[in-house]
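Undergrad: Just the structure for this:
(chains A and B)
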Amino acid sequence: MFEPVLLKNLDVPDGHLLATYEAGGGYRALAKALRERTPDEIIDLVKKSNLRGRGGAGFPTGLKWSFVPKRAGKPKYLCCNADEGEPGTFKDRIIMERDPHQLIEGMAISAYAIGAETAYVYIRGEYTLAIARLEQAIAEADAKGYLGTRILGSDFSFVVHIHCGAGAYICGEETAMLDSLEGKRAQPRLKPPFPAVEGLYASPTVINNVETLACVPHIVARGADWFRDIGPDKSPGPKLYCLSGQVRKPGLYELPMGIPLRELVCDYAGGPLPGRKLKAVIPGGVSAPLIPERGLDVGMDFDSLAAAGSMLGSAGVIVIDDSTCIVKVATRIIEFFHHESCGKCTPCREGLNWVVKVLRRVEAGQGEPGDLEQLEALCKGIFGNTFCALGDGAAMGLRAALAHFGDEFVAHIEERRCPFH
Amino acid sequence: MTMREKIEEAASRYPDQRSAIMPALLIAQREHGHLPGPVLEEVAGILGVERIWVYELATFYTLFHTEPVGIFHLQLCDNVSCMLCRSEDLLRHLEEVLGINKGGTTPDGLFTLSTVECLGACEMAPVMQVGDDYHGDLDIARIDALLGRLRATVRQATGADLVAPGPPGE
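TA: Presented below is the predicted three-dimensional model:
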């Protein structure tokens, strides 16, 4: 029987308060780390756990930490990526609203491991309740000595600051986030240098997602083997899945990594709405290519979804039923990426502009012969030719829609109308 | 605290004043309702940074408004999850009952209507943010009830149905 850990306090009254968190064993992992483990031992532990980043890329967290130079001669920084903007994703908001101390403890242990004394939580400006709860939790933790100077009698000192974003999806890209934190327009940086060597203020910086950091106290408390025993060995751990769209029980579910997508949608989230059939599911936020109904037996982990031509991404699972026009969904997704393109590189900025124009006319029943070939040519011009993954995500998503539901695009052009209206 | 004190306190969290521009703009916008040129100049002056740095952030990030917005900024999500839960019907209804198009402000300055990208609350789609608050699982009846409540808060505050003409900050 799987025991939820990340959402343990989800429905506990006052789950966001320090007293509740301490009563459930909170901050004992921090004490254990500071008293019984060296920073390198923490990094090794997280490496052994096979924890992979929950923001979307799935990069091994312990490995990322190990890239930070031991002697930098500069301050090191930890940045928490709480700019949850991937459409279909709401897990980090709920962690921060309901159990913010879990994140703070995770940040303190992670900062100890990499030798950072300052952290910035880059949080969406829209998340006003999460911001208020996190501010309150930081003040509580500070007052109780879990943050501040010489934490719990150790030599480790650490402060956490909140930095509110202002509505730019691109800030989820870690180097764009760093530019934003430095007070610039958010645009991705050319890599290398990687942030672990030259990040915020040109200092060594680790950027981790909220859910990734929230896993850390549990790994310290229960051990690497406990974590690795949950789900697939190469992509293990408890995982938060955000269910939304045309499904009976939308919401946040904590289940093992690797659970079959069909089981998640049909058993846990109740399946399609009454009288409707499943048509497709987007498994990891709109950057993740959609999967048609026949492909839903895939496991929800980084490697299985990549093998199936999609990705786990942020685990924002969007359910689409048979009443919905895929051309409309694809158009809306590309409009989103076009709106959020930072404008830095031409294939993304201009290419998506063209894609939107073609898709809109196809959707409106004004498509022309050759439009689908045009879309494929545009995807080819964008994919692999951009600074960051935003353009790639847009191109991959559109290609999947064309590959699996090409007949719907053709019908729009041939019938000169949307067959769903 | 005055706006200057709030901005100076925010700036103390960073080793570089330029980092404080975003928090300063958020503080200034709360104070003034929106960010007209003179406010941007004031922020640049308080932080002692280049004016262009302040202007470029105020125009890059979508949460900053250089033009006035209504007392209640209705921000309806129309990204995929909300679209699948029929947010379009809600937009049409809002346009009809408010008598404005998306992007517009009612003549009494009460409501500005916008569509926004994903608000990160898809479990309660369709969802709309008004000021600091999220309103989820919306349908037409709930939208009407919400508009009624918002109008009532203004009536209570001003004792009149309508506030002075023109959006706040004018």
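Undergrad: Break chain B into its domains for me.
TA: Taking automatic domain parsing as the criterion, chain B consists of the domains B:3-60, B:72-158.
Undergrad: Residue ranges in chain B under the pLDDT threshold?
TA: B:160-170 (pLDDT under 70).
Undergrad: my read: A:Leu200 touches A:Ser180, true?
TA: No: A:Leu200 lies out of contact with A:Ser180 (Cβ atoms under 8 Å); the separation is 10.4 Å. The C-beta positions use only the backbone N, C-alpha and C, and glycine is treated the same way.
Undergrad: Going along the chain, name the strands of chain B.
TA: Counting by DSSP state E, chain B has strands at residues B:72-77, B:111-116, B:128-130, B:133-135.
Undergrad: and of those strands, who's closest to chain A?
TA: Between chain A and these, the shortest gap by Cβ to the nearest Cβ is with strand B:128-130, which sits at 6.1 Å.
Undergrad: list the helices and strands that closest one packs on?
TA: Judged by 3 or more Cβ pairs under 8 Å, 6 or more residues apart in numbering or on different chains; DSSP states H and E, the packing partners of strand B:128-130 are strand B:72-77, strand B:133-135, helix B:140-158.
Undergrad: Dump those into CSV; add mean neighbour count as well.
TA: As requested, the helices and strands packed on strand B:128-130 are arranged in CSV below (neighbours: other Cβ atoms under 10 Å in any protein chain shown):
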stretch, mean neighbour count
strand B:72-77, 23
strand B:133-135, 16
helix B:140-158, 13
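Undergrad: Rebuild the domains of chain B as TSV, extending it with distance to A:Glu3.
TA: Below are the domains of chain B laid out as TSV (distance: least, Cβ to Cβ, whole Å):
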stretch	distance to A:Glu3
domain B:3-60	38
domain B:72-158	22
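Undergrad: Next, format the helices and strands packed on strand B:128-130 as a markdown table and append distance to chain A.
TA: Output for the helices and strands packed on strand B:128-130, formatted as a markdown table (distance: least, Cβ to the nearest Cβ, whole Å):
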| stretch | distance to chain A |
| --- | --- |
| strand B:72-77 | 8 |
| strand B:133-135 | 8 |
| helix B:140-158 | 17 |
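Undergrad: could these go into JSON lines alongside distance to B:Gly109?
TA: Converted to JSON lines, the helices and strands packed on strand B:128-130 look like this (distance: least, Cβ to Cβ, whole Å):
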{"stretch": "strand B:72-77", "distance to B:Gly109": "10"}
{"stretch": "strand B:133-135", "distance to B:Gly109": "20"}
{"stretch": "helix B:140-158", "distance to B:Gly109": "10"}
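Undergrad: burial count for B:Arg92?
TA: Per other Cβ atoms under 10 Å in any protein chain shown, the neighbour tally for B:Arg92 reads 12.
Undergrad: For chain A, see how far away it is.
TA: In this view, B:Arg92 and chain A are 15 Å apart by Cβ to the nearest Cβ, to the nearest Å.
Undergrad: what are the bridge partners for B:Phe111, then?
TA: Assessed by DSSP bridges, B:Phe111 has beta-bridge partners B:Phe72.
Undergrad: from memory it sits against B:Gln75, does it?
TA: No: using Cβ under 8 Å, B:Phe111 is not in contact with B:Gln75, being 11.1 Å away.
Undergrad: measure A:Ala364 to chain B for me?
TA: A:Ala364 is 15 Å from chain B, where distance means Cβ to the nearest Cβ.
Undergrad: got the contact list for that residue?
TA: Residues in contact with A:Ala364 (Cβ atoms under 8 Å, 6 or more residues apart in numbering or on different chains) are A:Cys418.
Undergrad: what are the phi and psi angles of it?
TA: Phi and psi for A:Ala364, reported as degrees, to the nearest 10, are phi -80, psi 0.
Undergrad: likewise A:Leu78?
TA: As for A:Leu78, its main-chain torsions (degrees, to the nearest 10) stand at phi -110, psi 130.
Undergrad: try A:Asn209
TA: phi -70, psi 160.
Undergrad: what bridges to it?
TA: Going by DSSP bridges, A:Asn209 forms beta bridges with A:Asn81.
Undergrad: roughly how far apart are the residue most central in space within chain B and B:Ile143?
TA: Centroid check for chain B by Cα atoms, centre = their mean gives B:His73 as the closest residue, at 5.0 Å. Counting by Cβ to Cβ, to the nearest Å, the separation of B:His73 from B:Ile143 is 15 Å.
Undergrad: Now do the SS call for A:Ala111.
TA: Following DSSP: H, G, I helix; E, B strand; the rest coil, we place A:Ala111 in the helix state.
Undergrad: Spit out the contact partners of it.
TA: Going by Cβ under 8 Å, 6+ apart, the list of residues near A:Ala111 reads A:Leu78, A:Glu117, A:Ala119, A:Phe158.
Undergrad: The first one against A:Gly106, yeah?
TA: By that I understand A:Leu78. No: at 10.1 Å, A:Leu78 and A:Gly106 do not qualify as touching, with contact defined as Cβ under 8 Å.
Undergrad: So for the two, which sits in the more crowded spot?
TA: For A:Leu78 versus A:Gly106, the count of surrounding residues by other Cβ under 10 Å is larger for A:Leu78: 29 against 26.
Undergrad: distance of that one from B:Gly45?
TA: Taken as Cβ to Cβ, the span from A:Leu78 to B:Gly45 is 32 Å.
Undergrad: what's the neighbour count on B:Ile7?
TA: 24.
Undergrad: I should have written B:Pro36 there, sorry.
TA: B:Pro36 has 16 neighbouring residues, counting by other Cβ under 10 Å.
Undergrad: moving C-terminal of the lengthiest strand in chain A, what's the next helix or strand?
TA: Secondary structure of chain A per DSSP E: the longest strand is strand A:238-245. On the C-terminal side of strand A:238-245, the nearest following helix or strand under DSSP states H and E is strand A:251-256.
Undergrad: Direction-wise, compare that next one with strand A:238-245 and give the angle.
TA: 150 degrees (axes from the mean of the first three to the mean of the last three Cα atoms, to 10 degrees).
Undergrad: What strands line up against strand A:251-256, and which way round?
TA: Strand A:251-256 pairs in its sheet with strand A:238-245 (antiparallel), by DSSP bridges.
Undergrad: for the partner strand, what is the average pLDDT?
TA: Mean pLDDT, strand A:238-245: 98.
Undergrad: just stretch A:85-98 next, same as before
TA: Averaging pLDDT along stretch A:85-98 yields 98.
Undergrad: so how many other residues sit close to A:Phe383?
TA: Other residues close to A:Phe383 by other Cβ under 10 Å number 18.
Undergrad: Just list the residues touching it, thanks.
TA: The neighbourhood of A:Phe383, defined by Cβ under 8 Å, 6+ apart, consists of A:Gly391, A:Asp392, A:Ala395, A:Met396, A:Arg399.
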